[in-house]
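Q: Can you look at this prediction? I've put the sequence above it.
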Amino acid sequence: MAELIKLTIDGREIQAEKGKLLIEVARQNGIEVPAFCYHEDYTLQAACRMCLVEIEKTPKLQVGCTTPVADGMVVRTDSDVVKKARKGTLEFLLTNHPLDCPVCDKGGECELQDMVFRYGAGESRFVERKLHVDEKQWSPVVYFDAPRCILCYRCVRACNEGMGVGALGVGNRGAISEIIPNYDDHLECDECGACIDICPVGALTSGSYRYQTRPWEMEHVGTICTHCADGCKTTLGVRNDEIIRGNNRDRSGINNEFLCVKGRYAFDFTKHPERLQSPMMKTEKGYEPISWSEALEVVSTKFSEAKARGAKFGVIGSNHTTNEENFFLAKFARQGLGTNNVDHHRTGDLATFFDALSGKNDALATTNDVYAAKAVLVVGADLAQQHPFLSFQARANFRHHSAHIYAVTSGPVREDNQAVASVRVQKGGEVAGVESLRDKLKAEGDLVIVFGDSVQGEALRKLVAFGDSLGIPVKYVCLVDYSNSRGAFDMGVLPRDGGMSRDQMLAATDLDVLWVVGSNPLKTSALASKEAFVVVQDLFMTETAKQADIVLPAASAYEKNGTVTNVCGEVQRLKQAIKVMGTKADLEIFGQIAKEMGLNLGIWLPDKVFEEIRKSVHGYGVSPAQLALGSVPTMPLNGRVAALPGIVQSSGDTLFTSGSLTPYSEILNKVMEAPGTLYSGQGQSAK
Amino acid sequence: MAKQLYNEPSPLETRVVSKNFAIEGSETLDVYLANDGYKAFRKAKEMTPEAIIEEVKTSGLRGRGGAGFPTGLKWSFVPRTSPKPRVIVVNADESEPGTCKDRLLMEYDPHQMIEGILIAGLAVDAHKGYIYIRGEYRYLIDAMDRAIDEAYAKGYLGNNVAGTGFQFDLCTHSGAGAYECGEETALLDSIEGKRGIPRMKPPFPAVAGAWALPTLLNNVETFSAIPPIIRDGGAAFAALGTPKNGGTRLVCISGHVNKPGVYELPLGFPMLKAIYEVAGGIPGGKKLKAVVPGGSSCPILRAEECDIPMDYDTLAKVGSMLGSGGMVVLDETTDMVRFALRIMKFYAHESCGWCIPCREGTTWLKKILQRFYEGQGRREDISMLGELSKNMLGRTFCALGDAAALPTISIVEKFTEDFEMYLARQEVMV
Amino acid sequence: MTFSPQLEERFAKMLTRYPEGRTRSAVIPMLMYAQDEVGSVTKELIEEVARRCKVTPMQVDEVVGYYSMLHRKPMGKFHVQVCTNISCLLVGGEELYEHAKKKLGVGHKQTTEDGQFSLEEVECMGACSWAPAVEINYDFHHFVTPEKLDQLIDGLRKAQ
C-alpha cells in the first residue's frame, strides 16, 4: 500500500501518494501545469521547461514533471515568477516557430496555440531572421515541417518506446536540431501515424488529411475499427457525409492513444469509386444494376421456392459483420431456411479453445490483462503484423511494469526486443517450444498466453494442459482475425448439429443455394456446384461476387450501428459515421428478405436484436448502460463445446493488408511495405 | 633544461602537478618513476579506501574542471559495495574557452594522471577506466595511448599493477567536437555512443553513470593532483592554498598580457599579481579593462573588482567563479560588444538543443548581438539582452544555459557604456 | 567495407573495450578514425559502422550531425582550423581567419578547387595561452600571425 503524504499546492492542502510526480498530482487535483514534452506513457524528458514551478526552500524553479512529491512540500504554480517563466519560455519557442496558423492543419487543436492563449507571449519581441528549412515528405502519409517542430521528442518516444519501431531520431545540434527519419529522407516503418497524432503542433501532419478541413468543421464519431480483431476505438472525423480522418486523440476505448495504420488511415475504402451502390443481377450481358425491390423479390422468391422443395442451402457468414447481423443470419438459416449449413471463415480454433477451458471461470484475458500481467507468452503469432494493439499492450507492459515477455514463434518478431527468452520453432513445434520454457514460466506471478492459428486441435489442448500444470494463474487469448470473428463464433454462425462447414459447402456438387455475406471464399476456393444460385452481400465486386447471381450492396462497419466482439471477447458498440447511398446494412437486408419471404424472425433493428442476444447468448448478458461506457468482457458458454468440422486458418493479414478491403484502400496501397522487412536485419539497439 | 615548453615558466609558480614538466622525457615511465612516481600508489595500496578518501577530503581538493565540487566528497558518493562494477571516467574534454591546461598534464606527465586514476580505483574499488579526450586533441590521444601501452608493458596497468596484485585496465576514448560533452552527464551519453545530451539528476553518475554503472568522473587535473596529495599528505596540499580551497591549480593566463601561459599557482594567489607579475603585465602599458576569471562561462570582472585572491569562495563572493582556471585579460582597447557577441556565438553553436530556453535563447541573443555589432542596434536591445539572459538563467536543463547567460548579463550590466557607444555612433551616422 | 590493417586492428580492439553488449560506445571513435581514412562520413561508412557496432544506421546518423568534427563532405587534404574564440579573438584571431580566407580563397567549411586545403572557423581548441592558435588536421600551431600562416600553407603546398 503506497504511503500517503500531504503537500500544499497554491495554498490548497492535497493528499497524494508519496513519490508520485508533482505534475500528475497537480493535474489530478485540477491544477493545470503546462507541459509539451511530458507524457505519462513515455520516459521523462524535462526538455521543454514549461512545467517549472516554485517549491519553497529551493532557490531555482523546479521541474514539475520529474519532481516526486514529498511530505510538507509547498508548491506554487501560479506565482509571478512561474508565470514569467512560462511566458519567457513560450517567447523563446515562438522565435523560430513560423506563423503558419492560417495554413497549418493543427490550427484549432494545437497545444502551442492553447498555451500561448493561456500563458501570454502572444506578441513577440523577436525582430531577427527566423531559421527556415523546407517541409519534407517522409512517407505517403507523414509530412514533416521542421520550423514548426518544438522538439518535444514525443514522436521519437512514441515510435521507439510505444511502437517499438524506432524510425524517428534527432539530428544536428542546437537550434538547427531536427527530427530525422530512419532512412535518410524517408521513413520505413509501420506508417501508424502515431507520431502525427502525438505531435502537439503541426510539425508532423498527415498526407491524407492535410488542407482538407478544420477540426471544428468535422463531426467526430467514435466507433470500432473494422480491420483486425483487436477492436481499437477509432474516432472518425466526418464532414459532409465523408470520412476525412481517423485518430484516437481523445484516448477513449480500450486502446488509449494507440491506433495502427489501418485504424487511422484505412477508412478510405468507404469512398472507393468501385463501391457497390446498387443491387446487381447477372445477365447474359454481364452484371446489370437493378432496384432493391426487384433484387429482394428475386432473392426471396428463389429462397422460398428452394426451401419449399427441400433444396440444399449453404450460408457463409462474415467475420466482420456485427453481432446482431451474425445472430440474425444464424437464426435465418436455421429457423428461416431450415438448414444447419452455416459457417464463416474461421481463423482461430475457438471450439477446441472453449472446450479445453470448460470449467474455468477466469481463463480469458482481456486486452488490459495483456498490459497488466506479470508475464506474457506469445506463441506462433506475429503480433506486430496481425494484432498491433496486443503487441503495443505487451510492450507497454514491459516498459511500465518490467513484465517478462516470452516469444515462441517461427521467425523473428518485434517482441524479441523485450523478451526474456525467444524460441524459434517450426510450424507444429509450438507446444514443444513452450514446454522448453517451463521452468521460467513456473516462476512467474501470473501469465497471459497469446497464441495463433498454428496452435489448434490437439496442440491447443496440450497448450491449455501446459498452462494448467504451471501452478500459477494463466489466462489465454486465442487469436482470431477480423473485427468480429469472436462475435461470429459466439452468435453461432457455425456448422452445428451435422451442418456442412464452409469448405464442405463449397465442395458440395449438389448445393442448390449459396448465400455469402461479407466474405470472399471464392478468391481461394472453387465452387463445385455449377448450378447453385449464388447471392452475395458485400461492399465490392469481389471474386465471389463475380460468380453471384445477385449481388447486394452492403454497408461497411463505419456505416451502421451494432456491436462487435474483439479477439479478447470484449463487446463494443459501433456508431454509424456516414451513409453510402444505395447500400444497406446487412441486418436490414436480412430483415427485408425475411419480410418478403413472410418469415417472422423478429425486428431487424440492432438494439432489438441485441436485446435477444442478451437473453439467449451465454455470456452476452450485458446491459446497454455498460456498453455505452465502453468495452465489456464476455464469458462464453462454460461447458463442453462440440467439435466442429472444417478447417481453421488465419487470414495471414499483415499491417498493410485487410482481407478484401486492401485493394480498395488507396492509403494502404500507397504505404504497402513488405511485411517482414520492418524488423529483419540488425534491429533496434536496445540500449 | 633543454626542453622547450609552450611558455616560459615563472619563478612565482608553486609546482606540484607540474613539477615534472620541464624534465626531459617526463612523459616516459622511467623518468616518472625516477621522480617520485608510484610512491603514492604503493602508499595508497596499504591504506583503506576510507582513509584514501579522507586524505583527499583533507586536502581540500575541489574539481578542477570548472564546477569546483569537493573531490573527496564526490568520491565518497560512489557505492563501493554495489553489485554492479564501478568504473572511472576521466574528463579530458577541455573545451572551456580560455582553458588549455589539461593538454599539458597529458603531454608532459601522463603517468601522474594514470597513477591518480589507479589511486581512485583503490578508493572506490574500480578496475576499469576510460579517458574521454576531445577529438581535437588527437596527438594527446596518441600520447596517452603510448603512455598506457608503456604502463602495460612494464606492469603498471593490467592484472598486477606495480606488483601489488591490484588489477586495472585503462584506455582512451575519442570525442568528436562538442563542448557540451564536457558536462559530465553529457559526456556519459557520448561515451555510450550517443549524442552528447545531458541527463536528469538523480540518478547521479556516482550511482548510475556510464552504461548505468556507478561512475567516478573527474577532470584531468583533479586526478593529477591525487599522487602528490597521497604522497605528501592532504594537509600539506591544503596548506598551500586557503581554508576550504586547498592546494594549487594550473592557471591559464591569456589575452592582453605580455607573457601568456599556463602557470601553477596556489589557491588564493592575488589576481592582480598574477596579471602583472606572473604574466608580465599588459602590453604597451595599456590599462586593464576587464578579466574573465575562469573560462568564458564566468561573469566578467571590471578592473576595479580584480584586486582579490583567486580561490573558489572569494570568486563566488564577488559574483563570479574560479571555474576552469582560464583567466582572460582584457585591456582598454577591447570592444565589449564584440566580445559579448563572440561568447554568445560560441554558446549558440555548442548548445546541444535539448531544452527550449538554451536552444532558442542562445540563438536569439546571438542574433541581437550580431545586429547590434553591425550597427543596427536599438536602445531596447540593451535591456532585452539582460532580460532574455535572465529568462535562460536557472531555467535550462543543464548549466550551459547559465554559462551563456551569466557572462552576457555581466557584460551588459558592467559595460553598458560600450553598448551606449555603439548607439551614439549610429546616431552620428544617421 | 574494409579499412587499412592498422585501422582494422584498432577497431577490433575498440569493440572489446566496453562492457558486454555495449558496442554502441565504439561508434564515435570509429567514425573519427575512419573519417581520416575514408575522407568523410559517407552513407557507406555510416552503414558499416552501424553494422560493426550493432546499431541502426539512423542511430549513427543522429550522432554524425551532432559532433562538429564529423563531416559528411570531404574536407581538403589539409584542413585548416582557425580559432576565433575569446583568447584568440583578443590577439587577432578573427583577423587571422579573414586573412586565411583570402589566402586560400575559400570560406567556412569550404575546400579549394584542387582539394588540397579547406578552412574552418572553429571554437576554442585549448591553446588559449599561446594564441592565436591554428590546427591543421591534428597538428597544433601556436602564436600564429598572418605571415606565419602564409608560411605554413606555402610550406604544405610545396611539399605536395
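A: Happy to help now that I have it. Everything numeric in this text was worked out from a predicted model, so none of it was measured. Numbers count the residues shown, from 1 in each chain, chains lettered A, B, ... in the order given.
Q: switch to C-alpha atoms for all contacts and neighbour counts from now on
A: Fine.
Q: Chain C contacts on the stretch 51-200 of chain B?
A: For the stretch 51-200 of chain B, the residues in contact with chain C (Cα under 8 Å from any Cα of the partner chain) are B:94-101, B:103, B:135-139, B:171, B:173-178, B:190-196.
Q: One more pass at 6 Å, please.
A: Where proximity means Cα under 6 Å from any Cα of the partner chain, the interface of the stretch 51-200 of chain B facing chain C comprises B:97-100, B:174, B:176-178, B:191-193, B:195.
Q: neighbouring contacts of the strand or helix carrying A:A306?
A: Assigned by DSSP states H and E, A:A306 belongs to helix A:292-308. For helix A:292-308, contacts defined as Cα atoms under 6 Å, 6 or more residues apart in numbering or on different chains pick out A:593, A:596-597.
Q: Now with 8 Å, please.
A: For helix A:292-308, contacts defined as Cα atoms under 8 Å, 6 or more residues apart in numbering or on different chains pick out A:278-281, A:312, A:337-338, A:512-513, A:535, A:550, A:552, A:592-594, A:596-597.
Q: quick one: which of those sit in helices?
A: Mapping these onto helices (DSSP state H) picks out A:592-594, A:596-597.
Q: for those, which one is nearest chain B?
A: A:Q592 (63.2 Å; Cα to the nearest Cα).
Q: ok, for the closest one, nearest residue in space, not its chain neighbours?
A: Of all residues beyond its chain neighbours, the one nearest A:Q592 is A:L296 (7.2 Å), with distances taken as Cα to Cα, 6 or more residues apart in numbering or on different chains.
Q: Okay, now the unreliable bits of the chain?
A: Defaulting to chain A. Across chain A, the ranges flagged by pLDDT under 70 are A:1, A:637, A:673-687.
Q: Chain B, not that one
A: Across chain B (using pLDDT under 70), the flagged ranges come out as B:1-2, B:430.
Q: which ones are touching the residue nearest in space to the middle of it?
A: Note on chain B: the residue nearest the mean C-alpha position is B:G65, at 2.8 Å, using Cα atoms, centre = their mean. By Cα under 8 Å, 6+ apart, the residues touching B:G65 are B:91, B:94, B:218-222, B:323-324.
Q: Among these, name the ones in helices.
A: Per DSSP H, the subset of the contacts of B:G65 in helices is B:220-222.
Q: ok, how many other residues are close to the residue of the stretch 151-300 of chain A found nearest chain B?
A: Closest residue of the stretch 151-300 of chain A to chain B, Cα to the nearest Cα: A:G174 (3.7 Å). By other Cα atoms under 10 Å in any protein chain shown, 23 other residues sit near A:G174.
Q: Could you list the contact residues of chain C toward chain A?
A: C:22, C:51, C:54-59, C:61-67.
Q: Let's see that with 7 Å instead.
A: Chain C comes close to chain A at residues C:54-56, C:58, C:62, C:65-66, as judged by Cα under 7 Å from any Cα of the partner chain.
Q: Those residues in helices, which ones?
A: Going by DSSP H, the helices hold C:58, C:62, C:65-66 from these.
Q: which residues touch the residue in chain B that chain A sits nearest to?
A: In chain B, the residue found nearest to chain A is B:G353; the distance is 3.7 Å by Cα to the nearest Cα. Contact partners of B:G353, counting by Cα atoms under 7 Å, 6 or more residues apart in numbering or on different chains, are A:173-175, A:177, B:359.
Q: Pick out the residue closest to the middle of chain C.
A: Closest-to-mean residue, chain C, Cα atoms, centre = their mean: C:M69 / 4.8 Å.
Q: quick one: average pLDDT of the one helix or strand C:E98 maps to?
A: Secondary structure assigned from DSSP H and E places C:E98 in helix C:93-104. Across helix C:93-104, the average pLDDT comes to 97.
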